[in-house]
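**Student:** Pasting the sequence and the predicted coordinates here, then a few questions.
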Amino acid sequence: MKGKNWREYEPAKKRKKRRRRRNRGFVAKMILAVLLFALGYGGFQIYFHYSKPYVIGLDGGHGGIDTGAVGVINEVELTEKTTEKLTALLKADGRFRIVLSRHGGEAKSITERNKLFQRAKPDLVLSIHGNSSEDLSAYGFECYPSPPGKLNHDKSLIFAQYIAIEMESVGARLRGTDGVRFGYYVSDEDGNTTKLLLDSTDTEVYDYDTFGMLKNMHCPAVLVEQCFVTNEQDVQEFGSEGGCEKAAQAYYQAICNYLQSIEGK
């Protein structure tokens, strides 16, 4: 037997049994590996989607064939660009899970977008828009929290004030008293509807409808009018690539400041 492998003299039946055991062991290890991977991946997905401290609802106004106001640029260009940049900032922070009411180019009605947020139950809602006017010299920033009388009014007002402060800090001119206003839709006896904009100093509770993206929200909700798309200088400042980046940075800082202010309360 010198120079020969002892297995060559082992009975064939025993060698086959050992091969079967090795095969069964390999299959068992593969099954275990797949199960461990599945559990790990599933755990990561649960962590990623549900363990983030804050959920932020971002609404890029208009979309699809609805371009919004038309001026130097279409309003929807501003809303989608700013939403995209703000989303990137929030994701890079790591503390936020972002819920988008729609994706770039997607068409959804206000009702659809509003209901999506109601189901998602975010901690904050920010609806991004651009302003317009027949007066081409009109410019500046203003934002609209849920108005007086709504359950989320007080917190929405504070959030709006943080936004206005940050927008002013990056060079925006605040319209009205402090850049914060309340928006309503008023209907007459003939069913005609007009928009009513009031300064934040008017705290009276009115039985009027408000902007669609602010309705039925249980969290702080604010609609921003970033700049006038009908004013070339305003678009350059806050509707261009760099302008949308600047506004997104301001919104991001306002979100962080607001949430920091309520932590521990």
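**Tutor:** All right, it came through fine.

**Student:** Report the contact partners of the residue nearest the centre of the chain.
**Tutor:** By Cα atoms, centre = their mean, the mean C-alpha position of the chain lies nearest to Leu58, the distance being 2.5 Å. The contact partners of Leu58, taken as Cβ atoms under 8 Å, 6 or more residues apart in numbering, are Thr83, Leu86, Thr87, Ile98, Val99, Leu100, Ser101, Leu126, Ile128. Yep, even glycine has a C-beta here, placed from its N, CA and C like the rest.

**Student:** Tell me which of the residues you listed fall in strands.
**Tutor:** Ile98, Val99, Leu100, Leu126, Ile128 (DSSP state E).

**Student:** Just the buried residues of the residues you listed.
**Tutor:** The neighbour count (16 or more other Cβ atoms under 10 Å) marks Ile98, Val99, Leu100, Leu126, Ile128 as buried among the ones in strands among the contacts of Leu58.

**Student:** wait, is Ala250 part of a strand?
**Tutor:** No - according to DSSP: H, G, I helix; E, B strand; the rest coil, the state of Ala250 is helix, so it is not within a strand.

**Student:** roughly how far apart are the nearest residue to it once chain neighbours are set aside and Val235?
**Tutor:** Nearest residue to Ala250, sequence neighbours excluded (Cβ to Cβ, 6 or more residues apart in numbering): Glu166, at 3.9 Å. Taking Cβ to Cβ, to the nearest Å as the measure, Glu166 and Val235 are separated by 20 Å.

**Student:** Over to Leu198?
**Tutor:** According to Cβ to Cβ, Leu198 and Val235 sit 26 Å apart.

**Student:** Mind checking which of the two has more residues around it?
**Tutor:** Per other Cβ atoms under 10 Å, whichever of Leu198 and Val235 has more neighbours is Val235, with 22 against 18.

**Student:** I am finished for the moment; much appreciated.
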